[in-house]
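**Q** this one's structure only:
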């Protein structure tokens, strides 16, 4: 049916027809009935937001180095270096000095302070 029309032109006509038929959704309406002027969207009527959290990541990590095809030793952070799973605290603050501006601050102190004696030889190529 469309063998005489090049495929590129046919696709161009179909894309143009699709774009011409697109209409804005009701949620994208720019009428003043949707939100009165001067009001922000629902849920955005705050000036400062605080949050705190706790999380418990695993210390299961492995490191291995390879150089010129020579494999290094696989170092397991838990078994070889003695790291243990720990709880970490998190503090977040979001401030809104103006309607269209946000300032965010997040603090997560992460420290691993453990020691261990290595019980195996390590081959490390850098």
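**A** Everything's here; your move. Keep in mind the model is a prediction, meaning the values are calculated, not measured. Numbering: from 1, shown residues only.
**Q** so what's the residue count around residue 108?
**A** By the criterion of other C-beta atoms under 10 Å, residue 108 has 11 neighbours. Just so you know, the C-beta spots here come from the backbone N, C-alpha and C atoms, and that holds for glycine as well.
**Q** leaving out the residues flanking it, which one is nearest to it?
**A** Leaving aside its sequence neighbours, residue 108 sits nearest to residue 90 (C-beta to C-beta, 6 or more residues apart in numbering; 4.9 Å).
**Q** let's verify the most centrally placed residue in the chain: helix, strand, or coil?
**A** The centre of the chain sits closest to residue 106, judged by C-alpha atoms, centre = their mean, with a distance of 14.4 Å. State at residue 106, reduced to three classes by DSSP: H, G, I helix; E, B strand; the rest coil: strand.
**Q** start the count at 18, not 1, going forward
**A** Sure, I'll start numbering at 18, so the last one becomes residue 123.
**Q** so who does the residue nearest to it when sequence neighbours are not counted touch?
**A** Leaving aside its sequence neighbours, residue 123 sits nearest to residue 109 (C-beta to C-beta, 6+ apart; 4.7 Å). When contacts are counted by C-beta atoms under 8 Å, 6 or more residues apart in numbering, residue 109 touches 66, 67, 68, 69, 70, 121, 122, 123, 124.
**Q** list buried residues within those residues.
**A** Neighbour counting over these (16 or more other C-beta atoms under 10 Å) leaves no buried ones.
**Q** okay, these in JSON lines with pLDDT and distance to residue 85 next?
**A** Below are these laid out as JSON lines (pLDDT from 0 to 100; distance: C-beta to C-beta, whole Å):
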{"residue": "66", "pLDDT": "89", "distance to residue 85": "53"}
{"residue": "67", "pLDDT": "91", "distance to residue 85": "53"}
{"residue": "68", "pLDDT": "92", "distance to residue 85": "49"}
{"residue": "69", "pLDDT": "93", "distance to residue 85": "49"}
{"residue": "70", "pLDDT": "92", "distance to residue 85": "45"}
{"residue": "121", "pLDDT": "93", "distance to residue 85": "45"}
{"residue": "122", "pLDDT": "94", "distance to residue 85": "46"}
{"residue": "123", "pLDDT": "94", "distance to residue 85": "42"}
{"residue": "124", "pLDDT": "92", "distance to residue 85": "43"}
